[in-house]
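J.: my questions are about this predicted structure, shown below with the sequence.
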Amino acid sequence: MKKLAVLLLLAVPVLLHAQANSGKSKLRRQYKKANAVDPTLTRLQELEKTVTAQQQQIQQLTEDLKQRDRQWAQFQQDYVQAKQTASEAQTQAATAETASEQANTAVVALKTDVAKLESSVGQETTSDKELQKRIGGVESVLSRFRLSGDIRLRSDSIFQNYSGCAACVARNRANLRVRLGIEGKLGEDFIGGAYVASGANVNGAPSFTNPISTNDTLTNFFERKAIGFDRGYIIYRPQAAKWIKLTGGKFAYDWEHTDLTFDPDLNPEGFTEKFSWDFDNSIIKSVSLEGMELLFNEVAGGLVGANISRGVDSNALGGQAVLKLQPAKIWTSTPSATVLNWNGADPIAQAASPVLPCTSATSTGCIQNPLTPPVGTSLLPPLTPAVRVLNANALTNATFIRGTGTGQTRAFVSGFEYADFIWDNTILTPWKHFPWHVTAEYEQNLRARRSIFAPSKQNKGYWFDTNMGAQKQRNDLQIGYNWMRIEQDAVISQFNESELRAPTNVLANRFYLNWLLRCNTTAAFNWWIGRTLNRNLQNAALAPGLPAGRQDPYTNRLQFDLIYKF
């Protein structure tokens with residue numbers, strides 16, 4: 001094919017040249033003939049034009065021939081280069097074949113290494129899965145628990161004065177309260193929790209004899225502060241019957257109460273059983289019943305000769321009924337009724353104000369030490385009775401000393417059985433962040449008795465609190481007023497609000513303001529104004545050196561708090 005193409009390209013110029021000569025001869029014959037036949041100039045001119053056109057065609061054919069010559073030269077050059085490239089490709093193929101054989105050898109070795117690596121990775125994967133499983137188990141356990149607590153810094157100032165008082169001195173102190181705890185699910189139906197809280201140091205030693213306060217005064221030469229277990233409890237709340245809640249241990253209150261009966265920092269001990277039912281009724285929203293068994297003094301038996309001497313354990317048994325109502329869309333009302341009977345409460349009086357050995361032979365209201373024996377007789381050791389101390393509120397209930405000799409102890413004049421009614425109300429207002437909250441309480445001690453100092457039973461307590469505002473979002477404000485009137489034996493004086501002028505036999509007012517600076521930080525102000533109700537009652541709290549016939553002056557107590565919660 002290549003030779004045929006070459007012959008065709010060489011034959012084209014020859015044919016064109018022959019065609020051109022043939023054309024010229026034909027023109028000469030036609031010219032001669034024309035001259036013979038038609039000698040006119042016009043015919044000659046037409047022939048010249050024809051010749052010129054044919055010459056142009058010949059010139060174009062000549063250019064095409066030259067172009068084809070150049071293409072043929074390029075073709076030959078490409079052919080030589082392609083032949084050279086093919087030769088190089090054959091060389092590279094031979095080299096590639098050698099490299100392929102080497103690569104095959106390397107691939108075999110690599111496959112062996114990969115197999116070993118896969119085996120190792122498999123082992124590591126199994127080990128990693130086991131580790132992840134262990135970590136997942138730990139994370140699952142930790143995720144069921146919640147850490148919480150708070151830190152409170154307080155400035156506490158107390159002022160009480162009357163005309164002519166020389167011993168009325170203001171007290172200013174700074175307090176620290178720290179609480180930290182963890183609570184979580186122990187299982188599908190159980191919740192457990194443990195909390196610690198700050199305490200106090202007495203003469204350089206930790207003291208937890210005050211159950212109603214977790215404050216520690218910033219004093220005592222920068223000593224380290226005490227801390228102890230404040231709560232530890234287990235709650236049973238079955239998923240199949242969520243209306244049941246059983247609690248045991250040392251726990252926060254889970255019944256309706258106010259500071260009239262129990263201080264906010266006190267955590268009772270014992271057991272409660274709560275049964276609650278929710279309703280879709282437009283007015284009645286829920287009903288709950290709760291039983292309480294609070295244990296506050298267990299007395300161990302001891303061997304005396306061949307007999308077993310047993311003490312009497314102390315407890316408080318009672319129950320509460322709560323009804324939650326919604327009479328209107330903007331009004332939620334929660335009335336509650338509680339009865340709590342304190343059995344064996346007298347050890348509280350003895351622990352709060354123990355009957356101690358007399359300091360002299362003429363002292364009264366104390367335990368006399370043995371008289372000096374005759375000469376030559378061994379001196380009997382002084383009495384050092386074991387005393388359990390309760391360092392809570394001042395003892396303002398009516399008491400007396402019972403027993404004789406070394407068996408003397410302090411006891412309450414009255415027994416204690418609280419009958420308590422609380423009516424709590426929340427009313428929504430046109431201002432979203434300012435709901436109106438009103439609480440009223442009436443409490444009566446059903447086992448109160450008259451003492452020789454009181455013409456009538458001192459057995460009633462009254463409480464009223466109203467406030468506006470909330471503590472939910474940043475910059476929320478809450479402002480309120482609280483009024484209290486607590487007669488001498490209305491409640492046990494060791495366990496109710498500790499910030500009052502006196503725990504019982506007291507009239508008190510409180511103005512307060514809470515400002516939520518951040519979602520977890522609150523600035524608070526409390527202004528307590530109170531005085532003793534009846535200065536003539538036993539154990540009445542009075543200003544120092546108060547003259548006879550003068551009413552106890554009002555005490556002003558200012559507290560500024562900064563509380564951080566987490």
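T.: Everything's here; your move. Note that the coordinates shown come from a computational prediction; the quantities given were computed from them, not determined experimentally.
J.: in what element of secondary structure is the closest residue in space to Asn475 that isn't next to it in sequence found?
T.: The spatially closest residue to Asn475, leaving aside those adjacent along the chain, is Leu516, at 6.5 Å (Cβ to Cβ, 6 or more residues apart in numbering). In this view, the C-beta of every residue, glycine as well, is placed from N, C-alpha and C. Taking DSSP states H and E as the criterion, Leu516 maps to strand 506-518.
J.: hmm, who's touching that strand?
T.: 396, 467, 469, 471-486, 500-501, 522-533, 541 (Cβ atoms under 8 Å, 6 or more residues apart in numbering).
J.: list only buried entries from these.
T.: Neighbour counting with 16 or more other Cβ atoms under 10 Å marks 396, 467, 469, 476, 478, 480, 482, 484, 486, 500-501, 522, 524, 526, 528, 530-533, 541 as buried within those.
J.: counting only strands, which of those make the cut?
T.: Secondary-structure check on the buried ones among the contacts of strand 506-518 using DSSP state E: residues within strands are 467, 469, 478, 480, 482, 484, 486, 522, 524, 526, 528, 530-532.
J.: between those residues, which is nearest Ile158?
T.: Out of these, the one with the shortest distance to Ile158 is Trp528. That distance is 8.8 Å, counting by Cβ to Cβ.
J.: quick one: that closest one from Asn482, how far?
T.: 9 Å (Cβ to Cβ, to the nearest Å).
J.: same question for Leu266.
T.: Applying Cβ to Cβ, one obtains 18 Å for the distance of Leu266 from Asn482.
J.: and what of Gln54?
T.: Counting by Cβ to Cβ - Gln54 and Asn482 are separated by 130 Å.
J.: what does Ser456 give?
T.: Counting by Cβ to Cβ - Ser456 and Asn482 are separated by 26 Å.
J.: Leu558 too?
T.: Leu558 is 15 Å from Asn482, where distance means Cβ to Cβ.
J.: how many other residues sit next to the nearest residue to Ser282 once chain neighbours are set aside?
T.: By the measure of Cβ to Cβ, 6+ apart, the closest residue to Ser282 outside its immediate chain neighbours is Gln326, 7.4 Å from it. Neighbour count for Gln326, taken as other Cβ atoms under 10 Å: 16.
J.: return the set of buried residues in the helix or strand hosting Gln326.
T.: With secondary structure defined by DSSP H and E, Gln326 is part of strand 314-328. With burial defined by 16+ other Cβ under 10 Å, the residues of strand 314-328 counted as buried are Ser314, Asn315, Ala316, Leu317, Gly318, Gly319, Gln320, Val322, Lys324, Leu325, Gln326.
J.: what about that strand, distance to the chain center?
T.: 28 Å (Cα atoms, centre = their mean, to the nearest Å).
J.: where in this protein is pLDDT low?
T.: In the predicted model of the chain, residues 1-40, 86, 89, 93-104, 106-111, 113-128, 135-142, 301-311, 369-388 satisfy pLDDT under 70.
J.: ok, residues contacting the strand holding Gln326?
T.: 255-256, 270, 282-299, 332-345, 347-348, 418.
J.: so which of the residues you listed are in strands?
T.: Per DSSP E, the subset of these in strands is 270, 284-297, 332-343, 418.
J.: what's the angle from the helix or strand hosting Ser155 to strand 521-532?
T.: With elements taken from DSSP H and E, the one containing Ser155 is strand 145-160. Using axes from the mean of the first three to the mean of the last three Cα atoms, to 10 degrees, one finds that strand 145-160 and strand 521-532 are set 40 degrees apart in direction.
J.: give me the contact list for strand 145-160.
T.: Under the criterion Cβ under 8 Å, 6+ apart, external residues in contact with strand 145-160 comprise 168, 170-185, 195, 215, 543, 553-566.
J.: list the neighbouring strands of it plus their orientation.
T.: Within its sheet, and counting by DSSP bridges, strand 145-160 is paired with strand 171-185 (antiparallel), strand 555-565 (antiparallel).
J.: figure out which of the ones you listed is closest to Thr219.
T.: Among the strands paired with strand 145-160, strand 171-185 comes nearest to Thr219, with 7.3 Å by Cβ to Cβ.
J.: pull the distance from that closest one to the chain's centre.
T.: Its chain's C-alpha centre lies 15 Å from the corresponding centre of strand 171-185 when counted by Cα atoms, centre = their mean.
J.: same check, this time on stretch 72-92
T.: A distance of 82 Å separates the C-alpha centroid of stretch 72-92 from that of its chain, computed with Cα atoms, centre = their mean.
J.: just the CA trace of it, in CSV.
T.: Only the C-alpha atoms of stretch 72-92 are listed here, as CSV (Å, rounded to 0.1, in the frame of the first residue of the first chain):
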residue,chain,number,x,y,z
TRP,A,72,4.8,12.5,2.8
ALA,A,73,8.1,13.8,4.4
GLN,A,74,6.3,14.2,7.7
PHE,A,75,4.9,10.7,7.4
GLN,A,76,8.3,9.3,6.8
GLN,A,77,9.6,11.2,9.8
ASP,A,78,6.7,9.9,12.0
TYR,A,79,7.3,6.4,10.7
VAL,A,80,11.0,6.5,11.8
GLN,A,81,10.1,7.9,15.2
ALA,A,82,7.3,5.3,15.7
LYS,A,83,9.8,2.6,14.8
GLN,A,84,12.3,4.0,17.4
THR,A,85,9.5,4.3,20.0
ALA,A,86,8.5,0.7,19.4
SER,A,87,12.1,-0.5,19.8
GLU,A,88,12.3,1.4,23.1
ALA,A,89,8.9,0.0,24.2
GLN,A,90,10.3,-3.5,23.5
THR,A,91,13.3,-2.7,25.7
GLN,A,92,11.1,-1.3,28.5
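J.: got the angle between the strand holding Gln326 and strand 331-343?
T.: Relative orientation of strand 314-328 and strand 331-343, computed by the same axes, to 10 degrees: 170 degrees.
J.: name every strand pairing with strand 314-328 and say which way it goes.
T.: Paired strands of strand 314-328, with direction, are strand 284-297 (antiparallel), strand 331-343 (antiparallel) (DSSP bridges).
J.: out of those strands, which comes closest to Lys83?
T.: Closest to Lys83 of the strands paired with strand 314-328 is strand 284-297 (Cβ to Cβ; 101.3 Å).
J.: who touches the closest one?
T.: 254-255, 268-279, 313-326, 332, 340, 344, 347-348.
J.: equivalent analysis for stretch 556-566, please.
T.: Contact with stretch 556-566 is made by 147-160, 499, 501, 520-530, as judged by Cβ under 8 Å, 6+ apart.
J.: try 6 Å
T.: Contacts to stretch 556-566, defined as Cβ atoms under 6 Å, 6 or more residues apart in numbering, come from residues 149-159, 520-529.
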